[in-house]
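1. kindly return the folded structure for what I paste below:
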Amino acid sequence: MSVGRSTVSRNAFFAPGRHGDCDAEPGLIDFAVNVQPGPPSFVAEALRSRIDGLAAYPTDDDERRALTAVAAAHGRTVDEVLLLEGAAEGFEVLARLRPRHVALIEPSFTEPERVLRAAGARCTSVTLAPPWRVSQARVPDDADLVIVGNPTNPTSVLHPRAEILALRRPGRLVVVDEAFADLTLDPDSGVREPESLAGMLPDGVIVIRSITKTFGLAGLRAGYLLAAPETIARLSAGRRHWPLGTLALTALAACVGPVGERYAADLAVRIAEDRTHLVESLRAAGPAEAGLEVTAEPRAPYVLIRVPDGLALKEALRTRGFGVRSCANFTGLGPEYLRLAVRSPDRSAALVRAVQDVLETEGDRS
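-> Reported below is the predicted structural model:
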């Protein structure tokens, strides 16, 4: 399948608020958005069972079930849990802490900077160079709030817990975006979530998690935040009544419960296998002089690649029926970087053939 040439200006790819859904146009095979196909049948059934009751407001029991499920999944208490209307809301509520100086370890998810700057917070970008290790970070001494992704979007780097904990200081909170942590595996032991801090929740750490990526629920908006009870109280102050709807609460209870945990564990294994297939295929896709590079060592359900002209490759893939994520608007990256979601081997093989075709075509012209 092919489509017409895009009418999007190259400048649009540099807009700070641009997200991957802009690159997943209808009719394209989607490698741009890091959301799994879904929802799985057990989540869909749980949601369907509540449809007839949507005339009623969410109940205290709905909220309690979701809180209890999240707390149990991570060995926490319910007063250490804040349920969120999508993990992105977690960055919005951070403004209630009134941070004096926010340090954003980048390249990373662009939403924290957008919402915190809009709230009037002073923000500093702590930009890492490849291979984007947190140990490189030079965080300002006066930063009282530090935000880091683990694994980081879009680099797919998984940071050791010790490196994140080293960012702590007296009077400072370290916020860890673990939106994709449930699909990470230790490559040697196979242990899931090897670097997550959700179960430890050390002093001075806030963890933000999502269920929408793994369970194909991006349109529902549901996530949660883990922190010390006094921090949860500050983040909750003045929050509206019924912050989450019935379906979001139902999804949370299902996704972090025992069935959801088994589903995520099985999916993590499959993602690791499919990612290996994608990476090996990409590395064999073209001649060395074509300049395609799989950057760092990907540990998340997406892979970051670098090519001399990423926007040209993106457009060429679009005309061949594939949507990939431009990373031109990530601090510390640029138009030469593209992010590819991990998909099934057959879809990845089709993408890699298209990449190879583009590289060979360009090589013939030069």
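2. all strands of the chain, in order?
-> 29-31, 81-84, 102-106, 123-127, 145-149, 173-177, 205-210, 223-226, 293-294, 302-306, 322-326, 337-341 (DSSP state E).
3. tabulate those strands (CSV), appending mean neighbour count and distance to Gly38.
-> All C-beta atoms are positioned from the backbone trio N, CA, C, and that covers glycine. Listed next are the strands of the chain as CSV, based on neighbours: other C-beta atoms under 10 Å; distance: least, C-beta to C-beta, whole Å:
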stretch, mean neighbour count, distance to Gly38
strand 29-31, 22, 13
strand 81-84, 23, 19
strand 102-106, 26, 29
strand 123-127, 18, 34
strand 145-149, 26, 22
strand 173-177, 24, 21
strand 205-210, 25, 13
strand 223-226, 26, 15
strand 293-294, 18, 27
strand 302-306, 24, 16
strand 322-326, 26, 18
strand 337-341, 26, 14
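4. out of these, nearest to Pro40?
-> Ranking those by proximity to Pro40 (C-beta to C-beta) places strand 205-210 first, at 15.6 Å.
5. touching the closest one from outside, list them.
-> Contacts to strand 205-210, defined as C-beta atoms under 8 Å, 6 or more residues apart in numbering, come from residues 84, 86-87, 90-91, 94, 164-165, 168, 173-182, 196-198, 201, 222-227, 231.
6. rerun at 7 Å
-> 87, 90, 173-179, 197-198, 201, 223-227, 231 (C-beta atoms under 7 Å, 6 or more residues apart in numbering).
7. in JSON lines: the strands of the chain, plus distance to Ser281.
-> Listed next are the strands of the chain as JSON lines, based on distance: least, C-beta to C-beta, whole Å:
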{"stretch": "strand 29-31", "distance to Ser281": "13"}
{"stretch": "strand 81-84", "distance to Ser281": "36"}
{"stretch": "strand 102-106", "distance to Ser281": "29"}
{"stretch": "strand 123-127", "distance to Ser281": "30"}
{"stretch": "strand 145-149", "distance to Ser281": "26"}
{"stretch": "strand 173-177", "distance to Ser281": "29"}
{"stretch": "strand 205-210", "distance to Ser281": "28"}
{"stretch": "strand 223-226", "distance to Ser281": "32"}
{"stretch": "strand 293-294", "distance to Ser281": "10"}
{"stretch": "strand 302-306", "distance to Ser281": "10"}
{"stretch": "strand 322-326", "distance to Ser281": "14"}
{"stretch": "strand 337-341", "distance to Ser281": "11"}
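8. including distance to Glu315 and mean pLDDT, could these go into TSV?
-> Below are those laid out as TSV (distance: least, C-beta to C-beta, whole Å; pLDDT from 0 to 100):
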stretch	distance to Glu315	mean pLDDT
strand 29-31	14	96
strand 81-84	36	98
strand 102-106	26	98
strand 123-127	27	98
strand 145-149	28	98
strand 173-177	30	98
strand 205-210	30	98
strand 223-226	33	98
strand 293-294	19	94
strand 302-306	15	97
strand 322-326	10	97
strand 337-341	11	97
